[in-house]
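Engineer: Please find the sequence and the predicted model below.
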Amino acid sequence: MEFALNNAVHSSTGFTPFYVNGLRYPRTPLMLPSASNLGGGEANAEGPRGLQDQRTSVKRNPLSFIETGSAVRQRVRDAMAAAQDRQRENSDRHGRANTQVFQVGDQVLLNAKNLPIAAVSAVGSTKLRPRFIGPFTLLESKTMRTLWICHPL
């Protein structure tokens, strides 16, 4: 499963993780040389086209290998940044927004998740305490997320 994921082209980058890490694609069973004995008695195995040339070119010019690797990684970074921007724009356009608009004087409930247990329940158990307390009267609305409430304590 992991091999298949690493050998699949990523939609954001256009490369496989194998290629980004090692600048080569792994040899799969479909790429293995086929043995044929049509020429007489000796089996003849031929490798995939261009594989031998690629090996020797990397050995001859390691600087181009390093430059190619840097270029590929930079292209992947740019592609990932562009994909993040597209996803952010799509999320901002269609994402969930707080549709609740509160007015001064509205009755609201307060999430008791981050409140001390003693302030919420006399039982002393987090399992039995209520999730929300209230209702409380809204005194002032600073922003969409900052609300001032009238707390009786």
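Structural biologist: That came in fine, so what should we check first?

Engineer: can you tell me the helix or strand for Arg145?
Structural biologist: When elements are assigned from DSSP states H and E, Arg145 belongs to no helix and no strand.

Engineer: And for the one 4 residues further on?
Structural biologist: Under DSSP H and E, the secondary-structure element containing Ile149 is strand 147-150.

Engineer: partners of that strand, with directions?
Structural biologist: For strand 147-150, the paired strands and their directions (DSSP bridges) are strand 132-141 (antiparallel).

Engineer: So what pairs up with the residue nearest to Leu139 when sequence neighbours are not counted in the strands?
Structural biologist: Leaving aside its sequence neighbours, Leu139 sits nearest to Trp148 (CB to CB, 6 or more residues apart in numbering; 4.5 Å). Placement of C-beta: from N, CA and C, glycine included. Here Trp148 sits in beta bridges with Glu140, going by DSSP bridges.

Engineer: where does this structure dip in pLDDT?
Structural biologist: Applying pLDDT under 70 to the chain picks out residues 35-60, 95-99, 119-120, 144, 152-153.

Engineer: So which residues of it form helices?
Structural biologist: Listed in chain order, the helices found in the chain under DSSP state H are 2-6, 17-22, 51-60, 62-94, 117-120.

Engineer: Out of those, indicate the one that is most buried.
Structural biologist: With neighbours taken as mean count of other CB atoms under 10 Å, the helices of the chain reach their highest mean count in helix 17-22, at a mean of 15.

Engineer: No further queries at this time; thank you.
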